[in-house]
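Q: the amino acid sequence is not available; the structure is as follows:
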């Protein structure tokens, strides 16, 4: 197809496609289209691109009433902070000097003094920590969790208490081994989540395969599969991803796939800090499949009550769900 | 929302906080949505909008709005979003999001594989459009705005919108040409053959 007519006609063709063209323009375009099959084909390609691109529309954000006002108030506070006094030392020099002093401190704080013990412990306390281990593995450590890993990764044995999501850097020579609650998880390169508490250990694999071993034996689980081990129940039995998929990067995204309501409310209560009580245990076992993204708790509850035909009630500070 | 630009700029430069607040509130949601198309995270998108307004206020006296205030804002959000994407973490999340979305789509419909490939390439191609071109294309496609509305939102003429839309589709076609179905081409060839 020759190029010469494309440039001037494109604007017109797109205008025609979007029904923005005037009657005269429409007529001109239609004449052009009928000139040669090549012309029509060219137009159809533009049309296809246009139609295809609607599928790429980003999901609209959750917009709440009056949030511009709130955002504006936030900005205003920042604007009205008293202007910083002019630094006595020119800023670039001040930064350089600070860096010269602080960098070694950070360096030693992070990697330890030379000859110090060989493990490093990261505790998250109240916040979620995103970290890259020396071997390139990405870790998202949930709140109140502790990860111990070697400072130098000549081996890749780490220990976990609490919950973390790992995206393991591939290294066939050195398998990544994680010990948690008497379970050993061996990985080559994969993404998976581990949740431990005093009651149970749950491992969910997002991609790749991991090998899970305890004193009872070993089993391999793959993408979309999970395994849950109770403190008394040491039997290794996998099941298809039952669980709430955790997205730490989006702490308020909840993906439920036949997930028991009780598990969802537990996650909601952690995320929103509001205690949620379910009155009877049969309701708490009720499976639900739904996805919430950055919704308000009120909205989530109203969707749940509508779908499950339940009634929410306020009891003191907590929310009570009953049939 | 119509803005008398010269007057707005004059008031802004005289540090009229009320006008600045109105400007912020009028543009907050659309700009956040625009930033979201890059960074895919609501909070990050919101921070970007806050940042660019903060800087605008800091430097308002020396700023030179070459076209319109709105065009300036979209350009600033575009640049700031690209900066944010450069930041490793966001880029990683974005890529894994992209990867997951695309994987999910091809999982659910194997026979649409070819189409998914097209969509993926299309996504990249839209992201690769020049700034103004991309802004206008997205407003038209994703927000369904008419040329007139885009023009008044950005403070530019409908003619410019028209040129940029033509340019957008031309660029997209050039980048996607190998993915466009051959069937249509085949039909064209047959018709040509019969007509001969």
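A: Everything's here; your move. This structure is a prediction, so every number in the text was calculated from the model and none was measured.

Q: check the residue of chain A most remote from its centre and give its pLDDT.
A: Going by C-alpha atoms, centre = their mean, the residue of chain A most distant from its centre is residue A:35, 52.5 Å out. If you check residue A:35, the pLDDT there is 91.

Q: same question for the one 5 residues further on.
A: Here, the pLDDT recorded for residue A:40 equals 90.

Q: thought it was touching residue A:32?
A: No: Residue A:40 lies out of contact with residue A:32 (C-beta atoms under 8 Å); the separation is 9.1 Å. To be clear about C-beta, it is placed using only N, CA and C from the backbone, and glycine gets the same treatment.

Q: where do the contact lists of these two overlap?
A: Common contact partners of residue A:40 and residue A:32 (C-beta atoms under 8 Å, 6 or more residues apart in numbering or on different chains): none.

Q: run a quick neighbour tally on residue A:169.
A: Residue A:169 has 18 neighbouring residues, counting by other C-beta atoms under 10 Å in any protein chain shown.

Q: over to residue A:313?
A: Counted with other C-beta under 10 Å, the neighbours of residue A:313 add up to 11.

Q: make sure it is indeed in a strand.
A: Yes: counting by DSSP: H, G, I helix; E, B strand; the rest coil, residue A:313 is found in a strand.

Q: least trustworthy helix or strand in chain B by mean pLDDT?
A: For chain B, the helix or strand with the lowest mean confidence is helix B:182-195, at a mean of 50 (criterion: mean pLDDT, DSSP states H and E).

Q: check contacts around residue A:308.
A: Residue A:308 makes contact with A:261, A:283, A:286, A:288 under the criterion C-beta under 8 Å, 6+ apart.

Q: where are the low-confidence patches of the stretch 151-300 of chain A?
A: Counting by pLDDT under 70, the stretch 151-300 of chain A contains low-confidence ranges at A:153, A:188-189, A:198-199, A:231-234, A:239-253.

Q: give me that answer again for 50
A: A:242-250 (pLDDT under 50).

Q: just the strands in it please.
A: A:156-161, A:163-167, A:176-180, A:183-187, A:191-196, A:200-207, A:209-214, A:217-222, A:225-230, A:238-240, A:253-260, A:276-278, A:287-293 (DSSP state E, counting those that start in this stretch).

Q: for the residue in the stretch 1-150 of chain A positioned nearest to chain B, which non-adjacent residue is closest in space?
A: Nearest to chain B, among the residues of the stretch 1-150 of chain A, is residue A:11, at 3.2 Å (C-beta to the nearest C-beta). Nearest residue to residue A:11, sequence neighbours excluded (C-beta to C-beta, 6 or more residues apart in numbering or on different chains): residue B:166, at 3.2 Å.

Q: now do the contacts for that neighbour.
A: A:10-15.

Q: what of residue A:288?
A: A:256, A:258-261, A:264, A:304, A:307-308.

Q: ok, and the residue nearest to residue A:11, which helix or strand is that part of?
A: Using DSSP states H and E, residue B:166 falls within helix B:158-176.

Q: now do that helix: distance to the chain's middle.
A: Put simply, helix B:158-176 sits 13 Å off its chain's centre (C-alpha atoms, centre = their mean, to the nearest Å).

Q: ditto for stretch B:26-39
A: 9 Å.

Q: the helix or strand where the residue of the stretch 1-150 of chain A closest to chain B lies relative to helix B:158-176, how many degrees between them?
A: Applying DSSP H and E as the criterion places residue A:11 in helix A:6-17. Counting by axes from the mean of the first three to the mean of the last three C-alpha atoms, to 10 degrees, helix A:6-17 lies at 110 degrees to helix B:158-176.

Q: now do the helices in chain B.
A: For chain B, applying DSSP state H gives helices covering B:5-13, B:17-39, B:42-58, B:69-86, B:88-108, B:113-127, B:131-142, B:147-154, B:158-176, B:182-195.

Q: how about the stretch 51-200 of chain A?
A: Remark: helices assigned in the stretch 51-200 of chain A by DSSP state H, counting those that start in this stretch are A:67-79, A:91-111.

Q: let me see the contact set for the nearest residue to residue A:131 once chain neighbours are set aside.
A: Leaving aside its sequence neighbours, residue A:131 sits nearest to residue A:139 (C-beta to C-beta, 6+ apart; 5.0 Å). Contact partners of residue A:139, counting by C-beta under 8 Å, 6+ apart, are A:129-133, A:147, A:164-167.

Q: switch the cut-off to 6 Å
A: Listed by C-beta atoms under 6 Å, 6 or more residues apart in numbering or on different chains, the contact set of residue A:139 reads A:131, A:164, A:166.

Q: is residue A:184 bridged to anything, and to what?
A: Under the criterion DSSP bridges, residue A:184 forms beta bridges with residue A:179, residue A:213.

Q: hang on, it packs against residue A:215?
A: No: judged on C-beta atoms under 6 Å, residue A:184 makes no contact with residue A:215 at a distance of 9.8 Å.

Q: these two: who's more crowded?
A: Shown here are residue A:184 and residue A:215; by other C-beta under 10 Å, residue A:184 has more neighbours (15 against 8).

Q: next, find the distance separating the more buried one from residue A:227.
A: Remark: distance between residue A:184 and residue A:227 (C-beta to C-beta, to the nearest Å) = 13 Å.

Q: what does residue A:264 give?
A: Using C-beta to C-beta, residue A:264 is found at 20 Å from residue A:227.

Q: okay, those two: which has more neighbours?
A: Taking other C-beta under 10 Å, residue A:264 and residue A:227 do not tie; residue A:264 has more neighbours (23 against 20).

Q: leaving out sequence neighbours, find the closest residue to the more buried one.
A: That would be residue A:256: by C-beta to C-beta, 6+ apart, it lies 5.5 Å from residue A:264.

Q: so what's that neighbour up against?
A: Residue A:256 makes contact with A:264, A:288-290, according to C-beta under 6 Å, 6+ apart.

Q: swap the cut-off to 8 Å and go again
A: Contacts of residue A:256 (C-beta under 8 Å, 6+ apart): A:244, A:264, A:288-291.

Q: and residue A:26, that's in a helix?
A: Yes: in this structure, residue A:26 lies within a helix as judged by three-state DSSP.

Q: state the distance from the closest residue to it other than its chain neighbours to residue B:145.
A: What sits nearest to residue A:26 in space, not counting adjacent residues and going by C-beta to C-beta, 6+ apart, is residue A:16, at 6.1 Å. Remark: distance between residue A:16 and residue B:145 (C-beta to C-beta) = 18 Å.
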